[in-house]
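A.B. asks: Dropping a prediction and its sequence here:
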Amino acid sequence: EEGHQLGNHTFTHPDLTKLTADEVRVEVEKADEVIKRYTDKIPHLLRPPYGYINEEVEKIIDKKIVLWTADSKDWSKIEAPEIIQNVQKNVTNNDILLLHCFEQTVIALPEILTDLTEKKYQFVTVDDILS
């Protein structure tokens, strides 16, 4: 309704390539259950933690794998101004931007959104990009 799209990012954020097939299934299914509980929907997208994925894991997961094309590097625990600078330097048309729910990212987000809006970027769902 508001244009948001949720995807699965696993339940405990493990490196899926180091898990057994059953452990991979549990990680994805548990996250799906939580998302369904609050949204009444099961996501068809999955972003693997750390971007680590292989053919074995892809065969187990019945979801579209989505990675990113631009990295804010907020995962390295940097301050908001550096996150903003990384986005400004790295984002180009049709990018999927990697951001996390960290305090400094939340602080940086209003300026990032303002800057990208002023540069005429449009914010769309992953499905919009992939279609």
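C.D. replies: Cool, got the structure. Numbering: from 1, shown residues only.
A.B. asks: now the strands for the chain?
C.D. replies: 45-46, 64-65, 70-71, 97-98 (DSSP state E).
A.B. asks: residue ranges with poor pLDDT in this protein?
C.D. replies: Scanning the chain for pLDDT under 70 picks out 1.
A.B. asks: Name the surrounding residues that touch the longest helix along the chain.
C.D. replies: The residue-count maximum for a helix in the chain (DSSP state H) belongs to helix 21-39. Helix 21-39 has contacts (CB atoms under 8 Å, 6 or more residues apart in numbering) with 6, 8-12, 14, 16, 19, 41-43, 46, 56-57, 60-61, 63. The C-beta positions use only the backbone N, C-alpha and C, and glycine is treated the same way.
A.B. asks: my guess is residue 127 contacts residue 5, does it?
C.D. replies: Yes - between residue 127 and residue 5 there is a contact under CB atoms under 8 Å: 6.3 Å.
A.B. asks: tell me, what's touching the two both at once?
C.D. replies: In contact with both residue 127 and residue 5: residue 45, using CB under 8 Å, 6+ apart.
A.B. asks: Just the buried residues of the longest helix of the chain, please?
C.D. replies: Buried positions in helix 21-39, judged by neighbour count with 16 or more other CB atoms under 10 Å: 24, 27-28, 31-32, 35.
A.B. asks: Distance to residue 98 added to those, as a markdown table?
C.D. replies: Below are these laid out as a markdown table (distance: CB to CB, whole Å):
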| residue | distance to residue 98 |
| --- | --- |
| 24 | 22 |
| 27 | 20 |
| 28 | 20 |
| 31 | 18 |
| 32 | 22 |
| 35 | 20 |
